[in-house]
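Build the 3D model from these lines:
(chains A and B)
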Amino acid sequence: MSASPQKELTTGSVRYQPGEEAPNVAQKLFALRNQCTECNICEVACALVHSPDGSINPQLARLRIDHAPHKPSKVSPHGIGFVAQICHHCGNPPPCAEVCPTDAFYYDPETRAAVIEQDNCIQCMECVPGCPFDVVFVAPQGELLKCDLCGGDPVCVKACATRPEMLNEGKQYVRLPVLFFEDQAEFNRISKQVPEAQDEVGMMQAMLERGEISSSA
Amino acid sequence: MESRLLRVDLTSGELKSELIPHSIFERWIGGSGINNWIMWEHFLTHDINCDPRGPDNIFVFGVGPLAGTGAGSGIKGRITFKSPCYNMFGDSAGGGKFPYMARFAGYEYIAITGKAPKPVYLLICNGEVALMDAAHLWGKDTAETHAALQAELGDYPSKTHTLSISQAGENQVGIAGVVSDALRIHARGGGGAVLGSKNLKAIAVQGNGSLPVARPEDMLAWSEDFRKKIDGNEAVYGFKRRGTLGAVEMYQHIGSHFWRNNQGNMFRGDEIRSDNWVKKYHKYSEVCSADCYIACDAKYQIDGTESEAAKKYIGETFRRPEYLTTGSAAGALDVRDWSEVAHWGKLTNDYAIDNQDLSCSISFLMELKQRDLISDRDVAELFGHEQNLRWGNMEDIEACVESMVFQKNLFGQLFRDGPYYGALRYSEMKGKNFMKYAMYGKGGASFTEEVRPYPTWMNNMAVASRGADHLKGIGLIEKFQREDLSKVYFDGRTEAADLTIPELKGACTALAENQVALLNSYGVCLFHWMLDPADYTPQDYYGQAYAAVTGIERTPEELMRDGERICNLEKAFNSRIGMRREHDTVCERWMWEPNPEGTYSNAVAADMFETVLDEYYEWRGWEKESGLQTRSKLEELGLDDVADVLAQDGALADG
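Coordinates of the predicted model:
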């Protein structure tokens, strides 16, 4: 066996040109700030899914993990940690497409993503500074890389580890990853669940209190 | 599956690129398996009894085929060499981003021989290699070296990741390690001393290359399944939160710590008994290695409000201590303040020194002092000046660390190869036998955890190929008393899960050694397997990922055989340098002195030691009397060539 993954996963039959009125984007990519551990699995998974020949090269990934100094968050009040730099899928037309001199971008309603048509791209790199979030990347060979939402089911979200900082009392955890593919209202609701950094009862102490073990001495 | 091997001859400065062919992967899997084979071949043309600190020794770095493929199972790089401290087979695993980036830089295996005329570092950038002058790095610790190299080499074509030694390695301290990215230490065995003796300060890698995957779709599917399994595993969540520190409370509960050179089994001091300190120290999580779905690591930052002692370390930030950092400081040395424990972790990492060897060496002396077996004058003789040796006193401990790293005095010189050789040399010097107080197994320093009640672990300490070691044959079935696993592996028998009898304990060591050898060869972390040894099996579940990446299809039985082959090569190495059954032993305290506290108190190793050892050789198919391998066993594993070499050296049993 071994069909390599496709180079470009977007196959939308209906393509809207920039500026054209497009259906509303329901779901977007979101990242919780400073929760990321820099495990790079999202980068590797993205690189593998978009790989032209089935090999892995994280420099071909459509997202990056960056150190985020001095940006406090609820669980990291000191503002140290990492953030995932992801495409925010700004709607139609996105700023990256607005600055494109060759109209290489199109909006794909099936995947809900603004996508670069590589055949039309002249690699002028205008879209790189054009993106307000710095998430259009340049591959080592010069190709422009932008998130295409993997055909509507982004692999980075599936690859994102749930974090224990989302600790609820006792042994039940609110299992939240760092990356989400949700609509805005749902993401707002989820992000409100993130508890503040809190004191924790030690494992054995909790088990003793619950009567699951008895003291030896 | 193919890989690139970089051969570096530091004497001539020659750099040679070689291809590791598919057939080598079929025989040795990858990672530590291939490292072992590279070293074995080297010592067919070089004297295996050479001085480990001499130019004839070899230093191999390697990373297995599963590393960095999105498996989510962590990455471990491996260094392999002849150990300068224990003078036997030596290897050590380490995480960090260095092994990850080494793959993208173009070389997954690096074999270093000879000795450079002046300090150099090795730079690998997208397949291009160079030896660079390291005069400006000499005399720096690993944190400084890493920072200097990152500043020097910059962010293109990728961030710079490094493997470096400290002043301890430069001074060829036998227990000096090698540190990946200034954070993750390859501590065991003295790899730092080998690099120091070769004048190689560091290896830096940068790259934006690609990794081949034989069946990308299978790999994506496997990764997704693995991640779902992990997300559904409740045990993982406690581990994500605390890492190995969860053991602090558990061991306090059952009495399994290594307190004051193992005179006791429980920590003293209120706060240190519990891991309920995360609120003070845990500032954010950071993954240990790339490609790990657990991320049991975290960072602390001390702000001075934690305790009186913490005022000394305001602003210090480093990795949260893990269990053996705590076991060595709060246990072996009886340090009772968490900020001091954390500082001990940073100190030993920056100086790249094995904190197990170092703590056992210091606690040995502290016990002699406690028992008035040595006087203040004796201590002054060791340190060249008056020196206190008080349990838990950080000033005294730091004086010992500095003495060791900078080889300042007699203490540093006598104990540079760990507690066993240190105690031997000191006993000889004083004309008294102090060996009763040295904690070791097979010449290697004890790991700072109680092992007397656990026959499999005790057996691990005695037979591990790199000297006293729990990670070569980690006894999960016994310590967690897993009857279910015992039934799976031993035809429905449950004895392996019973601590109180010797049956199947040696068998457990042999089984676990084979499984661990596989994981080490895949290039992944052991912890994922430990968190669910029934589901994440190296020979079956991981075997599927191995097949997806390399295209090498194996049945679980074949993979177990591959693991066994790798273990047998490590054994053959030690047999060649003259190690026999009498070397597979542990220290007097473990053997004869009952452990004083806890649920499993009053255990001594001697009760079951020889029975378990016999059983281990039996399951290995080795000769019991000498501990040597037999030709029939080696031929069964396809190691006819190894048997020939052993026969030539008189290191093969009859049969």
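
On the pLDDT front, check B:Glu402 for me.
In the prediction, the pLDDT value recorded for B:Glu402 is 97.

okay, now it: neighbour count?
Taking other C-beta atoms under 10 Å in any protein chain shown as the neighbour definition, B:Glu402 ends up with a count of 16. For the C-beta atoms, the positions are set from N, CA and C on the backbone; glycine is no exception.

next one: B:Met132
Applying other C-beta under 10 Å, we find 16 residues neighbouring B:Met132.

Quick check: which element contains it?
Assigned by DSSP states H and E, B:Met132 falls within strand B:128-133.

neighbouring strands for that strand, and are they parallel or not?
According to DSSP bridges, strand B:128-133 has the following sheet partners: strand B:120-125 (antiparallel).

For the partner strand, give the mean pLDDT please.
98.

repeat for stretch B:429-447
In this model, stretch B:429-447 has an average pLDDT of 95.

what about it, how long is it end to end?
In terms of C-alpha to C-alpha, to the nearest Å, the two terminal residues of stretch B:429-447 are separated by 26 Å.

Same check on stretch B:59-71?
With C-alpha to C-alpha as the measure, the ends of stretch B:59-71 fall 28 Å from one another.

ok, which stretches of chain A are strands?
In order along the chain, chain A carries the following strands (DSSP state E): A:28-31, A:64-67, A:82-85, A:105-108, A:113-116, A:137-138, A:144-145, A:179-182.

For the chain, which helix or strand comes out least confident on mean pLDDT?
Just so you know, I chose chain A. Considering only helices and strands, the least confidently modelled element of chain A by mean pLDDT, DSSP states H and E is helix A:203-209, at a mean of 60.

that's the other chain; I wanted chain B
Among the helices and strands of chain B, helix B:278-281 carries the lowest confidence by mean pLDDT, DSSP H and E, at a mean of 63.

Nearest to B:Phe383, out of the strands of chain A?
When the strands of chain A are compared for distance to B:Phe383 using C-beta to C-beta, the nearest one is strand A:64-67, at 42.1 Å.

May I have the strands that pair with that closest one, each with its orientation?
Partner strands for strand A:64-67, per DSSP bridges, with pairing direction: strand A:82-85 (antiparallel).

what comes into contact with the strand it pairs with?
With contact meaning C-beta atoms under 8 Å, 6 or more residues apart in numbering or on different chains, strand A:82-85 is reached by A:31, A:33-34, A:36-38, A:42, A:63-68, A:71, A:133-135, A:156, A:160, A:178-179, B:286.

can you rerun that using 6 Å?
In this structure, residues lying in contact with strand A:82-85 by C-beta atoms under 6 Å, 6 or more residues apart in numbering or on different chains are A:Ala31, A:Arg33, A:Cys36, A:Glu38, A:Arg64, A:Ile65, A:Asp66, A:His67, A:Ala68, A:Val135, A:Leu179.

Run through the stretch 351-500 of chain B and note the low-pLDDT ranges.
Counting by pLDDT under 70, the stretch 351-500 of chain B contains no low-confidence residues.

Next to chain A, which bits of the stretch 101-250 of chain B? Give me the list.
Residues of the stretch 101-250 of chain B lying near chain A by C-beta under 6 Å from any C-beta of the partner chain: B:208, B:210-213, B:215-216, B:231, B:237, B:240-241, B:246, B:249-250.

Filter these down to just the buried residues.
Burial of those was assessed by neighbour count (16 or more other C-beta atoms under 10 Å in any protein chain shown); the buried members are B:208, B:210-213, B:215-216, B:237, B:240-241, B:246, B:249-250.

The residues you listed in helices, which ones?
When DSSP state H defines the helices, the subset of these inside them is B:Pro216, B:Tyr237, B:Lys240, B:Arg241, B:Gly246, B:Glu249, B:Met250.

Mind putting the contacts of strand A:82-85 into CSV with neighbour count?
Formatted as CSV, the entries for the contacts of strand A:82-85 read as follows, by neighbours: other C-beta atoms under 10 Å in any protein chain shown:
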residue, neighbour count
A:Ala31, 24
A:Arg33, 20
A:Cys36, 29
A:Glu38, 20
A:Arg64, 19
A:Ile65, 24
A:Asp66, 13
A:His67, 10
A:Ala68, 20
A:Val135, 20
A:Leu179, 21
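
Turn the residues you listed into a markdown table, including distance to B:Thr611 and pLDDT.
What follows is those, written out as a markdown table (distance: C-beta to C-beta, whole Å; pLDDT from 0 to 100):
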| residue | distance to B:Thr611 | pLDDT |
| --- | --- | --- |
| A:Ala31 | 57 | 83 |
| A:Arg33 | 58 | 70 |
| A:Cys36 | 51 | 80 |
| A:Glu38 | 48 | 85 |
| A:Arg64 | 57 | 90 |
| A:Ile65 | 52 | 87 |
| A:Asp66 | 57 | 80 |
| A:His67 | 54 | 74 |
| A:Ala68 | 57 | 67 |
| A:Val135 | 63 | 93 |
| A:Leu179 | 54 | 86 |
